[in-house]
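*Asks:* kindly return the folded structure for what I paste below:
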Amino acid sequence: MGKLEYKYDRENKESIEEYARRLLNKSLNDINEDIKKNKFNNEKSKGRLGQTIEEEYFGYKVNSRQEADFSEVGVELKVCPLKSITKKENSNSIREQLGYSAKERIVLSIIDYFKLNEETWQNNSIMKKCKELLLMFYMNEKYAEKEDLIFKIISLWSPSEKDLKIIERDWNIIADKVRNGRAHEISEGDTMYLGACTKGSTAEKSKRRQPNSEIMAQQRAFSYKRQYVDFIIDELLEREQHREVKLLNSLSDGKLLFDEKIYKLFDQLLNKSISEIINIYSINRERKAKNFIRLIVDDVCKSTFGDKLENFEEFKKANIEVKTIVLKPNGTPKESMSFEQINYCQIVEEEWEESTIRNKFENKKYLWIIFKSKINFEKQSELSLDNIYLYKVMFWNMPISDLDGSMYRVWLDTINKIKQGEYEKFIKISDGEIAHIRPKARNSSDLIITPQGMKARKKCFWLNAKYLKDQIDRY
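*Replies:* Next up is the predicted model:
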């Protein structure tokens, strides 16, 4: 083959997909072995596999146009990397069985704040351009030439109707912030499936003007979140293997979205004691476990929805974590909220924008199931279940101003102390930030290696109880 022939019909999306699927389980060089020295080495597309696919394989020039790549049929091309993960042979997920995961989110389009300010969901430009995607997933190999990278999944894809309802609501959340002059406060944690990820560095040159405010806002792009992309991958793998799609019970069936169903469930239980809730649902559980209240919440959800919340596809797609909180009568949590322990050697190698703790709060949403005690207490186990009642239920994500403000200061202070070997001088609650650092170890001999080669006590980030109260009161 001396010349690559673009044998597909731009006005037929099945033809486009069939042409793309010539690359399934192959690399660019595999289909052009005899001309690989001359093909796919266009200087203009060097370094980017996606651009090479567009210009060298499909034969059209890359540009920043508002219409879809294959505008005749409304299909947008996205070339996406996979990464290898440990295979889970007993998993229900084909993706996990094969050891695949999305390496990153799928970026759809840069957000034009001024244009978005004038749009409605019915006439929005992002879905006109990206409603249907031609997804080409390849296995990322760090040191391989782009022409040798193997494509593992190639398929047309559109969001399901129930997913589209959630994406619509996500779009409206982002658009509302722009209309209210709050584009600078947008956070990926605001939404479920459709995110607004940052594009470019945090330097001033990447800031953009926004309507309805003089404050410059970080440049952002609409994207499907990485967790949601994993579910897209699973969907396509199941389709590829001609298997019936086997999903857990859906919370989004019917007219209500899944978060509305959750509010509806818990709203009818507000102000009821744990004893009353146990009686309502005929729960038979001894009060032995430290996380007894959380187990009661799981029992309620199993009785109502058929499973605990974390097992539902919507929670996995939106990367939502459930937390139960018990407040004292004055509305303050009895204790601060802990997160995973700090890997001292890893954290000092991170940049803030890609750091573990920033990702934890920027890309994750939390469902807080909040109980309140009628009397003060030292230990939760001392309280009668009649004295603990359901107070509030809320979805929460950290405001971007707190994340890039106080949380950044805590993170920066932490890595500076680690670099200096000062493991007993981390930020405390009394320092007045939104978080602090303290042990979460089993005992004083529960240690972890440090960059200095010595071992230090395990510690983790804790959100301060006062900050939690402020966030709960704001809701």
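*Asks:* pick out the residue closest to the middle of the protein.
*Replies:* residue 363 (4.3 Å; CA atoms, centre = their mean).
*Asks:* if we ignore the residues flanking it in sequence, what's nearest it?
*Replies:* Spatially, and ignoring its direct neighbours in sequence, residue 363 is nearest to residue 188 (5.0 Å; CB to CB, 6 or more residues apart in numbering). For the C-beta atoms, the positions are set from N, CA and C on the backbone; glycine is no exception.
*Asks:* what comes into contact with stretch 76-96?
*Replies:* For stretch 76-96, contacts defined as CB atoms under 8 Å, 6 or more residues apart in numbering pick out 49-50, 53-54, 58, 68-70, 97-104, 106, 108, 129-130, 132-140, 152-153, 229-230, 233-234, 237-238, 241, 243, 246.
*Asks:* repeat that for 7 Å
*Replies:* Applying CB atoms under 7 Å, 6 or more residues apart in numbering, the external contacts of stretch 76-96 come out as 49-50, 53-54, 68-69, 97-104, 106, 129-130, 133-140, 152, 230, 233-234, 237-238, 241, 246.
*Asks:* likewise for stretch 452-465?
*Replies:* 332-333, 335-342, 344, 357, 421, 423, 426, 429, 434-441, 444, 446-450.
*Asks:* give me that answer again for 6 Å
*Replies:* Applying CB atoms under 6 Å, 6 or more residues apart in numbering, the contact partners of stretch 452-465 are 332-333, 336-339, 341-342, 357, 421, 423, 429, 434-441, 446-450.
*Asks:* list the buried ones in it?
*Replies:* 456-459, 461-465 (16 or more other CB atoms under 10 Å).
*Asks:* quick check: mean pLDDT of that stretch?
*Replies:* In this model, stretch 452-465 has an average pLDDT of 94.
*Asks:* repeat for stretch 234-246
*Replies:* Mean predicted confidence for stretch 234-246 is 69.
*Asks:* so which of the contacts of stretch 452-465 belong to strands?
*Replies:* If you go by DSSP state E, the contacts of stretch 452-465 have 337-339, 341, 435-439, 447-449 in strands.
*Asks:* highest neighbour count among the residues you listed?
*Replies:* Using other CB atoms under 10 Å as the neighbour test, these are led by residue 435, with 25 neighbours.
*Asks:* which of the contacts of stretch 76-96 fall within strands?
*Replies:* Those of the contacts of stretch 76-96 lying in strands (DSSP E): 100-102, 106, 133-139, 152.
*Asks:* closest one to residue 197 out of those residues, please.
*Replies:* Residue 197 lies nearest to residue 106 out of the ones in strands among the contacts of stretch 76-96, by CB to CB, at 10.0 Å.
*Asks:* which non-adjacent residue is nearest the closest one?
*Replies:* Leaving aside its chain neighbours, residue 106 sits nearest to residue 224 (4.4 Å; criterion: CB to CB, 6+ apart).
*Asks:* report the buried residues of stretch 173-186.
*Replies:* 174-175, 177-179, 181-186.
*Asks:* which helix or strand contains residue 369?
*Replies:* Assigned by DSSP states H and E, residue 369 falls within strand 365-373.
*Asks:* which among the contacts of stretch 76-96 count as buried?
*Replies:* Here, 16+ other CB under 10 Å leaves 49-50, 53-54, 68-69, 98, 100-103, 106, 129-130, 133-140, 152, 230, 233-234, 237-238 buried among those.
*Asks:* could you measure residue 229 against residue 100, distance?
*Replies:* 11 Å (CB to CB, to the nearest Å).
*Asks:* shared neighbours, the two?
*Replies:* The contact sets of residue 229 and residue 100 do not overlap (CB under 6 Å, 6+ apart).
*Asks:* if we can go back for a sec, farthest pair in the buried residues of stretch 173-186?
*Replies:* Top of the distance list for those (CB to CB): 175 and 184, 14.9 Å.
*Asks:* buried sites along the lowest-mean-pLDDT helix or strand in the chain?
*Replies:* Using mean pLDDT, DSSP states H and E, helix 28-31 stands out as the lowest-scoring helix or strand of the chain, at a mean of 86. Residues 28-29 are the ones in helix 28-31 that count as buried (16+ other CB under 10 Å).
*Asks:* may I have that helix as CSV, with CA atoms only?
*Replies:* The C-alpha atoms that make up helix 28-31 are tabulated as CSV, following Å, rounded to 0.1, in the frame of the first residue of the first chain:
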residue,chain,number,x,y,z
LEU,A,28,-1.2,3.1,12.8
ASN,A,29,1.9,1.4,11.7
ASP,A,30,0.1,-2.0,11.6
ILE,A,31,-2.2,-0.9,8.8
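*Asks:* got the contact list for stretch 333-343?
*Replies:* 325-328, 440, 458-465, 468.
*Asks:* typed the wrong thing, it's stretch 374-385
*Replies:* So stretch 374-385 is contacted by 274-275, 326, 328, 373, 387 (CB under 6 Å, 6+ apart).
*Asks:* change it to 10 Å
*Replies:* With contacts defined as CB atoms under 10 Å, 6 or more residues apart in numbering, stretch 374-385 is touched by 273-278, 287-288, 290, 292-293, 296, 326, 328-330, 334-335, 371, 373, 386-389.
*Asks:* low-confidence bits of the chain, can you list those?
*Replies:* The chain contains residues with pLDDT under 70 at 1-6, 33-47, 62-65, 201-204, 242-254, 441-442.
*Asks:* just say helix, strand or coil for residue 284.
*Replies:* coil (DSSP: H, G, I helix; E, B strand; the rest coil).
*Asks:* I'd say it and residue 278 touch.
*Replies:* Yes - assessed by CB atoms under 10 Å, residue 284 is found in contact with residue 278 at 8.5 Å.
*Asks:* of these two, give the one with the bigger neighbour count.
*Replies:* In this view residue 284 and residue 278 are compared by other CB under 10 Å, and residue 278 has more residues nearby, 18 against 7.
*Asks:* with adjacent residues omitted, what lies nearest to that one?
*Replies:* The shortest distance from residue 278 to any non-neighbouring residue, by CB to CB, 6+ apart, is to residue 296 (6.7 Å).
*Asks:* what backbone torsions are found at that neighbour?
*Replies:* Phi and psi for residue 296, reported as degrees, to the nearest 10, are phi -60, psi -40.
*Asks:* that one and residue 333: what is the separation?
*Replies:* 18 Å.
*Asks:* ok, residue 271 next?
*Replies:* Taken as CB to CB, the span from residue 271 to residue 333 is 19 Å.
*Asks:* between these two, which is the more surrounded one?
*Replies:* More crowded of residue 271 and residue 333, by other CB under 10 Å: residue 333, with 20 against 9.
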